[in-house]
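S.K.: Predicted coordinates and the sequence they were generated for:
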Amino acid sequence: MRDLSKCSILVVDDTETNVDILVDILGDDYEVRVAMDGPGALETVAMAPPDLILLDIMMPGMDGYEVCRRLKADDNTKNIPIIFVTALQGEDDETKGFALGSVDYITKPFRPATVTARVKTHLELKLSRQDLEKQNEWLREHIRIKEEVERITRHDLKTPLGAVISVPGVILKEQTNLTPEQIELLQMLEETGYRMLDMINSTLDLYKMETGQYQPQLGPVDLLKLVNEIRGETRELIQSKNLSVICLVRGRSPLPADSFIVQGEEMLLYSILANILKNAVEASPTGEKIRIAFDDRESQVMAINNKGVVPEEVGDRFFEKYVTSGKPGGTGLGTYSAKLMAAALGAEIRMESSEKTGTTLLIKFPRPTDTPAAIPAAITGAVVLGTATYKMVSPISFKDNSGQPASNEGQFAGALRVKVLPGKEGLAKESVRDSQLQTLGVQGPPLKSASAPVGSDSGQLNRDLRILVVDDSLMMRQTIKGILRQMGFTNIVLAANGEQAKLEVDKEGCDLIVSDWNMPNMTGIELLRYVRSAAQLKNTPFILLTSEIKQENVLEAIHAKVNEYILKPFTPDLLRKKIMRVIKK
């Protein structure tokens, strides 16, 4: 039982008899203070706010209604419960008092039991609200700390992961005598790095999905391609159980050129399908067939069937959290997260299981409501692979090299997967990973044509340019240095933080800066601002590297006049393209 003996009560009444009665009733149980008029009450509350106020309505000068109005208008006193004490018993009087913020009424003449009961009730309610607010504040702080720790963890993991993703490409470009097996291993290492990146990025996303805060970035995704990738990654498990996996697209075997495009996020859809397909393989009896069917003739659906049967005791709770059966080491989170991710994308997922047909998981995807027919015009020769919902975004104003506002035509939201067909406009491609800035409404420069492919040596570039690489990770500095050496650059200077970089540019200047954002002593954005503020350095090309894809970061970098903005981890080709772009300008 809660101890209320330390609670304080302010009695406000202009009649001494009433004050004496209330003090007698409450004085043994609480600390009681007294005020004989409205101004005195306000002064007392300002000096030491009580836990509860018993307030007379009819007082000369300033009545109780006005005292209540002023207390409720002040942020410091608005949460103090006020019980009106009055001889007025009309319904209008009570309505007026409650409208002003009072919590209760006590009518004169006083009944001690009534006074005691109501005071105790509202003190307990007040203290309970305070406890609840403290708990909510603790939870908010806990969530903030959790998100901050996860943000730091993701950043720290992405730095070494950058090498896992970038180094295979560097080796493949440098070495021409690799065996097919070595090439395959390096490609698998790069792809594994991307899958790890997806897992890192999704650690906080599941929490956001559970709390309804997740905002998906929708774009066209080829489910058939994803399924083929997952089949390759699980082939050892499939072979160990002597299973065969059969795919059908619109009722027939798929052709090499077939695709099955739905609207979604590639990372989420990969996680959904990987969970479901792995479950199907594990649940299937040895030597059986797993059928994966795609159909969009009436609605966009995908079905995965295996001959295993879901135990009856978990059938109704198949998608619930921590539900598992007969699976050593199972967490019960696979199907739960799959359903959560599907819901975040607006898709429906359900399960049917019987002895006759086995177990089928059916996913129904929403059909696109709009087509982006006019959007790809910004990319010459582009053909959209499937339809998706796009929305125009508010233009972000920034200046090009001429000092004039750059055009905002062609800005869009949503990851765009396109290919540029061969022809007079050249051959190039824009990947989903390279469109992440565009999902924030930032339109990058147009693609280069085949006549001057990105990263090629036109003979006009000065390979003696002094390039400054700034990153607090030695691994990342060496990785970027290796990419630059592949491009033919030899005058490369390394710095471990912004302060070291500042000393280098002050001493000898440089022709290009490639800098990480998050570093000790001086961050990359601080270094950028310093460079732009110095007359002799202000036109130095600057590329920022970061693991954070936040719109406010993008805007901050644009306002600081960054030339290019690259998300970690990145491929060597992407870095080469960005470097060539800023140098050629």
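M.R.: Arrived safely. Numbering: from 1, shown residues only.

S.K.: Can you report how many residues lie near the closest residue to residue 161 other than its chain neighbours?
M.R.: Ranked by C-beta to C-beta, 6 or more residues apart in numbering and with sequence neighbours excluded, the top spatial neighbour of residue 161 is residue 569, at 5.1 Å. Where you see a C-beta, it was placed from the backbone N, CA and C, and this is true even at glycine. For residue 569, the neighbour count with other C-beta atoms under 10 Å is 26.

S.K.: Please verify my assumption that residue 569 contacts residue 165.
M.R.: Yes. The pair residue 569 and residue 165 passes the contact test of C-beta atoms under 8 Å, sitting 4.4 Å apart.

S.K.: Look at residue 232 and give its secondary structure.
M.R.: Assigned by DSSP: H, G, I helix; E, B strand; the rest coil, the conformation of residue 232 is helix.

S.K.: Helices along the stretch 51-200 of the chain, start to end?
M.R.: Listed in chain order, the helices of the stretch 51-200 of the chain (DSSP state H, counting those that start in this stretch) span 64-73, 91-100, 112-174, 180-202.

S.K.: related to what we said a few turns ago, can you give me the distance of the residue nearest to residue 161 to residue 162?
M.R.: 4 Å (C-beta to C-beta, to the nearest Å).

S.K.: quick one: common contacting residues for the two?
M.R.: Common contacts of residue 569 and residue 162 (C-beta atoms under 8 Å, 6 or more residues apart in numbering): none found.

S.K.: And the pLDDT at the residue nearest to residue 161?
M.R.: pLDDT for residue 569: 71.

S.K.: Kindly report the same for residue 94.
M.R.: Looking at residue 94, its pLDDT stands at 76.

S.K.: pLDDT below threshold where in this protein?
M.R.: Across the chain, the ranges flagged by pLDDT under 70 are 1, 89-90, 146-156, 158-159, 194-195, 197-204, 207, 322-333, 368-461, 548-551.

S.K.: and it, what are its domains?
M.R.: 8-110, 210-365, 368-449, 467-584 (automatic domain parsing).

S.K.: right, so of those domains, which gets closest to residue 171?
M.R.: For the domains of the chain, the distance to residue 171 is smallest for domain 467-584, at 9.4 Å, taking C-beta to C-beta.

S.K.: Pull the distance from that closest one to the chain's centre.
M.R.: 25 Å (C-alpha atoms, centre = their mean, to the nearest Å).

S.K.: Stretch 348-364 too?
M.R.: The answer for stretch 348-364 is 31 Å, by C-alpha atoms, centre = their mean.

S.K.: what do you get for stretch 577-585?
M.R.: 30 Å.

S.K.: Pull out the buried residues from it.
M.R.: 577, 578, 579, 580, 581, 582, 583 (16 or more other C-beta atoms under 10 Å).

S.K.: mind putting those in a markdown table, distance to residue 512 included?
M.R.: Shown next, in a markdown table, are the buried residues of stretch 577-585 (distance: C-beta to C-beta, whole Å):
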| residue | distance to residue 512 |
| --- | --- |
| 577 | 14 |
| 578 | 10 |
| 579 | 7 |
| 580 | 11 |
| 581 | 11 |
| 582 | 7 |
| 583 | 7 |
